[in-house]
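A.B. asks: Next come a sequence and a model predicted from it.
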Amino acid sequence: MKFYLVAGERSGDLHGGNLLRQLKNVDPQVVSRGFGGDEMQAAGMVLAMHYREMEMMGFLSITLHLPRIFRYIDQCQRDILAFQPDVVVLIDYGGFNMRIAKFAHAKGLRVFYYIPPKIWAWYQSRARKLKTWVERLFLILPFEKEFYARYGLQADYVGNPVLDAIKAHQQDASFSARLPLPPDRPLVALLPGSRRGELKRIVPIMAEVAKQKPQWHFVVAAVKNLPASCYQALEGMLNVSFVWESTYDLLGCAQAAVVTSGTATLETALLKVPQVVVYRTGALEFRIARALVQVPFISLVNLIGNNLVVQELIQDRCTPEQISSELDRLLHDKIYREEVLNSYQRIFNLLDVGSASENTARLMVKYLTEKA
């Protein structure tokens with residue numbers, strides 16, 4: 001079978017790579033091509049475009065880059081037609097992939113969506129479009145199934161790939177020994193994100209927190225797809241260290257964490273590290289988002305837990321003083337800390353239904369074979 005996959009971000013590339021490996025376990029004859037990154041390419045996919053070329057963030061950024069986005073969409077559409085796949089598999093990246101779904105459906109191609117856009121958070125009316133354009137949804141958040149059922153969509157909850165990654169992770173026993181960590185200080189992990197726009201606003205705030213708390217040691221989870229200059233505000237501080245592409249090992253040693261809203265909040269929760277969630281964007285973008293968002297929380301931890309499991313310090317509340325205050329509580333209030341950890345365990349149990357990529361691969365091949 002021929003699969004055309006489309007992922008436009010780092011996380012989608014990771015999930016796509018894991019899915020492809022499982023697809024080949026189910027059907028060794030799988031051939032794949034698409035938009036993605038290093039992980040998908042390593043899993044055997046012929047890469048038509050790397051996600052780095054498409055990286056952008058926020059309403060205003062997307063608006064400014066519309067001509068370039070439409071060129072990429074056109075390129076993707078032409079590449080799909082040339083490849084003539086048995087199915088187009090879309091992975092996250094909603095704004096781009098919704099257009100690809102519409103196109104592929106119009107051309108008579110079968111369309112599956114793994115990790116569909118979070119339309120339950122905003123633009124819920126897009127569920128009707130998904131019903132028209134997409135044959136099957138593969139969901140990674142358990143509460144999504146009920147939402148999509150209201151619109152009559154065919155959807156399976158397959159588990160969560162973040163939990164798969166956590167289960168597969170083996171802590172590097174020598175990790176802490178390789179870092180210059182003072183043994184008598186709390187270790188606080190700083191996870192500023194993986195996008196330039198996020199780091200531009202969050203890194204200076206994290207640097208102020210480190211200045212206010214010289215008695216703590218902070219370690220930054222840095223990523224290689226961003227230049228070192230993105231972390232400049234945190235450089236040269238005596239109580240700040242850096243690790244690259246070692247987030248899970250870092251969280252395995254940390255007593256608390258400051259985490260930019262996104263998938264990392266769920267990773268931090270599943271690794272049982274008490275955290276404060278932070279987020280800041282441009283004033284206009286924030287006003288637009290606030291008008292559109294239809295859910296009470298922004299972090300996956302609170303959405304899955306259906307409760308305020310961790311504090312969310314957003315926009316004007318995202319200050320060094322408030323972050324420091326919440327970290328103090330997480331580190332020193334034993335009852336509060338235990339409540340957070342107990343909630344984390346409930347989330348772990350809720351998500352734990354087996355390997356998401358394995359379940360998805362098995363179901364995809366099943367559905368394709370049934371209607372072949």
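C.D. replies: Happy to help now that I have it.

A.B. asks: what comes up buried for stretch 321-340?
C.D. replies: Going by neighbour count (16 or more other Cβ atoms under 10 Å), the buried part of stretch 321-340 is 322-324, 326-327, 329-331, 337, 340. Bear in mind the C-beta positions are built from the backbone N, C-alpha and C, glycine included.

A.B. asks: could I get that stretch in PDB with only the CA atoms?
C.D. replies: The C-alpha coordinates for stretch 321-340 follow below in PDB (Å, rounded to 0.1, in the frame of the first residue of the first chain):
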ATOM      1  CA  GLU A 321       7.200  37.100  40.400                       C
ATOM      2  CA  GLN A 322       4.100  34.800  39.800                       C
ATOM      3  CA  ILE A 323       6.200  32.000  38.300                       C
ATOM      4  CA  SER A 324       8.600  32.200  41.300                       C
ATOM      5  CA  SER A 325       5.800  32.100  43.800                       C
ATOM      6  CA  GLU A 326       4.200  29.000  42.200                       C
ATOM      7  CA  LEU A 327       7.600  27.200  42.000                       C
ATOM      8  CA  ASP A 328       8.000  28.000  45.700                       C
ATOM      9  CA  ARG A 329       4.700  26.300  46.500                       C
ATOM     10  CA  LEU A 330       5.400  23.300  44.200                       C
ATOM     11  CA  LEU A 331       8.800  22.800  45.900                       C
ATOM     12  CA  HIS A 332       8.000  23.400  49.500                       C
ATOM     13  CA  ASP A 333       4.200  22.800  50.100                       C
ATOM     14  CA  LYS A 334       4.200  19.000  50.500                       C
ATOM     15  CA  ILE A 335       0.400  18.600  50.500                       C
ATOM     16  CA  TYR A 336       0.000  20.700  47.400                       C
ATOM     17  CA  ARG A 337       2.800  18.900  45.600                       C
ATOM     18  CA  GLU A 338       1.200  15.500  46.500                       C
ATOM     19  CA  GLU A 339      -2.200  16.700  45.100                       C
ATOM     20  CA  VAL A 340      -0.500  17.500  41.800                       C
END
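
A.B. asks: which residue ranges form the strands in the stretch 101-250 of the chain?
C.D. replies: 111-114, 136-139, 155-157, 187-191, 217-222, 240-244 (DSSP state E, counting those that start in this stretch).

A.B. asks: before we move on, back to that, can you flag which of the buried residues of stretch 321-340 belong to helices?
C.D. replies: By the criterion of DSSP state H, membership of those in helices covers 322-324, 326-327, 329-331, 337, 340.

A.B. asks: thinking again about what came up before, switch the buried residues of stretch 321-340 over to a markdown table; also include pLDDT.
C.D. replies: Below are the buried residues of stretch 321-340 laid out as a markdown table (pLDDT from 0 to 100):
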| residue | pLDDT |
| --- | --- |
| Gln322 | 98 |
| Ile323 | 98 |
| Ser324 | 98 |
| Glu326 | 98 |
| Leu327 | 98 |
| Arg329 | 98 |
| Leu330 | 98 |
| Leu331 | 98 |
| Arg337 | 98 |
| Val340 | 98 |
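
A.B. asks: For those, give me a markdown table that also has distance to Gln255.
C.D. replies: Shown next, in a markdown table, are the buried residues of stretch 321-340 (distance: Cβ to Cβ, whole Å):
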| residue | distance to Gln255 |
| --- | --- |
| Gln322 | 19 |
| Ile323 | 15 |
| Ser324 | 15 |
| Glu326 | 13 |
| Leu327 | 9 |
| Arg329 | 13 |
| Leu330 | 8 |
| Leu331 | 6 |
| Arg337 | 9 |
| Val340 | 12 |
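
A.B. asks: which one of the residues you listed is nearest Ile202?
C.D. replies: Ile323 (10.1 Å; Cβ to Cβ).

A.B. asks: And the closest one, how close does it get to Ile119?
C.D. replies: 31 Å (Cβ to Cβ, to the nearest Å).

A.B. asks: Would you map the helices across the stretch 101-250 of the chain?
C.D. replies: In chain order, the stretch 101-250 of the chain shows helices spanning 126-133, 144-149, 161-168, 175-178, 196-212, 247-251, with DSSP state H, counting those that start in this stretch as the criterion.

A.B. asks: Relative to Val87, which of these is closest?
C.D. replies: helix 126-133 (13.2 Å).

A.B. asks: And that closest one, what does it pack against?
C.D. replies: On a contact count with 3 or more Cβ pairs under 8 Å, 6 or more residues apart in numbering; DSSP states H and E, helix 126-133 meets helix 94-106, helix 144-149.

A.B. asks: Tell me which residues are up against the first one.
C.D. replies: By Cβ atoms under 8 Å, 6 or more residues apart in numbering, the residues outside helix 94-106 that reach it are 6, 8, 54, 62, 69, 72-73, 76-77, 80, 88, 90-91, 110-111, 113, 116-119, 126, 129-130, 132-134.

A.B. asks: For Asn349, which of the helices of the stretch 101-250 of the chain is the nearest?
C.D. replies: helix 161-168 (10.4 Å).

A.B. asks: For that closest one, which outside residues touch it?
C.D. replies: 14-15, 18, 140, 248, 263, 266-267, 270-271, 348, 351-352, 355-357.

A.B. asks: buried set for it?
C.D. replies: If you call a residue buried by 16+ other Cβ under 10 Å, then helix 161-168 has these buried ones: 161-166.

A.B. asks: Kindly provide the whole-number mean pLDDT of it.
C.D. replies: What helix 161-168 shows for mean pLDDT is 90.

A.B. asks: Kindly report the same for stretch 31-43.
C.D. replies: Stretch 31-43 comes out at a mean pLDDT of 97.

A.B. asks: and if you look at stretch 354-370?
C.D. replies: Throughout stretch 354-370, pLDDT has a mean value of 96.

A.B. asks: Then stretch 6-23?
C.D. replies: 93.

A.B. asks: For it, buried residues please.
C.D. replies: Buried, per 16+ other Cβ under 10 Å, within stretch 6-23: 6-23.
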